[in-house]
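Asker: Sequence and predicted model, in that order:
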Amino acid sequence: MRTILITGATGKIGSIVTKNFLDHGDCVIAISRSEKNLSNLKKNNIDCIERLFTLSIDLCKISAPKEIAEWLSYRKIFPNCLINNARCLDFIKITKDGLIPRESFLGELTLDVIVPYELTMALSMMPNSKLLNVINVGSQYGLVAPNLNLYKNAQDIAGLHYGVAKAGLTHLTKEMAVRLAKKDIRVNCIAYGGVEGRVDEDFKKRYSQLTPLGRMLKDEDLFGPMNMLLSDELSCMTGHTLVVDGGWTIW
């Protein structure tokens, strides 16, 4: 049985993989800012409630990684897997003239780069740490710039700070893999493509025409890559970014 800590556990990707890990018999520590969303997560996984632990905390607080480590130590919970998945949609906002407010840029960099670094280090340095695997949840836009043919107007385009931050996360993965190898901790990244459920049919059609597989990712496409990266069968893979995007980045 694995013990997996997931940040952003109540979001789109987080809630899906949380349920899948629980269904596979794992223990999950779910981290989110929202007590309400964590309560709903518990209700949706009531059959596995004894293996689901929740903590509400704002990861942008400087003290958050330390507080999480202390919370885990007090309860004698030692995760062997960490999934850095936290997002804040407030940070992707841009102004009417297409500019990115500094606070949005800093917020995106904080959650996508600084927090994964600090939390990974905090868990790896816990007394009796059992951390073995880290997965950073990235994006295709950390590898390539947006295709403007996908969007009807400039306000719909993902802010460039999102891609810059995800690119930083991709390189952070390599840096952390090198530095934590002596502790036998593997650090990898998954660059997901666009996921169904947050866009209209017209957008899905345009997206599909720009992707080799001809479709967006579905909910059932999200868990498999994570489960594979955590497998002992990939015990020699570290510092790698696994691209799960339907082929988007090869065109």
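Answerer: Received it, and whenever you're ready, just let me know what you need.
Asker: Run through the helices of the stretch 51-200 of the chain in chain order.
Answerer: Ranges of helices in the stretch 51-200 of the chain, per DSSP state H, counting those that start in this stretch, are 64-74, 102-109, 115-124, 160-180.
Asker: So what touches the shortest one?
Answerer: When you say that, I think you mean helix 102-109. Identification of contacts with helix 102-109 by Cβ atoms under 8 Å, 6 or more residues apart in numbering yields 60, 88, 90-94, 159, 161-162, 164-165, 168. (C-beta placed from N, C-alpha, C; glycine too.)
Asker: can you rerun that using 6 Å?
Answerer: 91, 93, 161, 165 (Cβ atoms under 6 Å, 6 or more residues apart in numbering).
Asker: Report the buried members of the residues you listed.
Answerer: Buried by 16 or more other Cβ atoms under 10 Å: 91, 161, 165, out of these.
Asker: Dump those into TSV; add pLDDT as well.
Answerer: What follows is those, written out as TSV (pLDDT from 0 to 100):
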residue	pLDDT
Phe91	89
His161	94
Ala165	97
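Asker: who touches stretch 39-46?
Answerer: Under Cβ under 6 Å, 6+ apart, the answer for stretch 39-46 is 10, 19, 22, 30, 52.
Asker: out of everything not next to it in sequence, what's closest to the third one?
Answerer: Computed as Cβ to Cβ, 6 or more residues apart in numbering, the closest residue to Leu22 that is not its neighbour in sequence is Cys48, at 4.0 Å.
Asker: just checking, that neighbour is part of a helix?
Answerer: Yes: the assignment for Cys48 by DSSP: H, G, I helix; E, B strand; the rest coil puts it in a helix.
Asker: The chain should start at 38 in everything you say after this.
Answerer: Sure thing, new numbering starts at 38, so read that last one as Cys85.
Asker: Can you tell me how far it is from Ile194?
Answerer: In this view, Cys85 and Ile194 are 39 Å apart by Cβ to Cβ, to the nearest Å.
Asker: Tyr178 now?
Answerer: 10 Å.
Asker: Just want to know which of those two has more residues nearby.
Answerer: Higher neighbour count among Tyr178 and Ile194: Tyr178, with 24 against 17, using other Cβ atoms under 10 Å.
Asker: Look up how far Thr55 lies from the more buried one.
Answerer: Tyr178 sits 24 Å away from Thr55, taking Cβ to Cβ as the criterion.
Asker: Check Arg112 too.
Answerer: 18 Å.
Asker: more crowded one of these two?
Answerer: Comparing Arg112 with Thr55 by neighbour count (other Cβ under 10 Å), the higher total belongs to Thr55, at 29 against 11.
Asker: wait, is the more buried one part of a strand?
Answerer: No: Thr55 sits outside any strand when classified using three-state DSSP, being helix.
Asker: mind showing which ranges of the stretch 88-237 of the chain have poor pLDDT?
Answerer: 191-193 (pLDDT under 70).
Asker: All the strands of the stretch 188-288 of the chain, in order from the start?
Answerer: 223-229, 278-281 (DSSP state E, counting those that start in this stretch).
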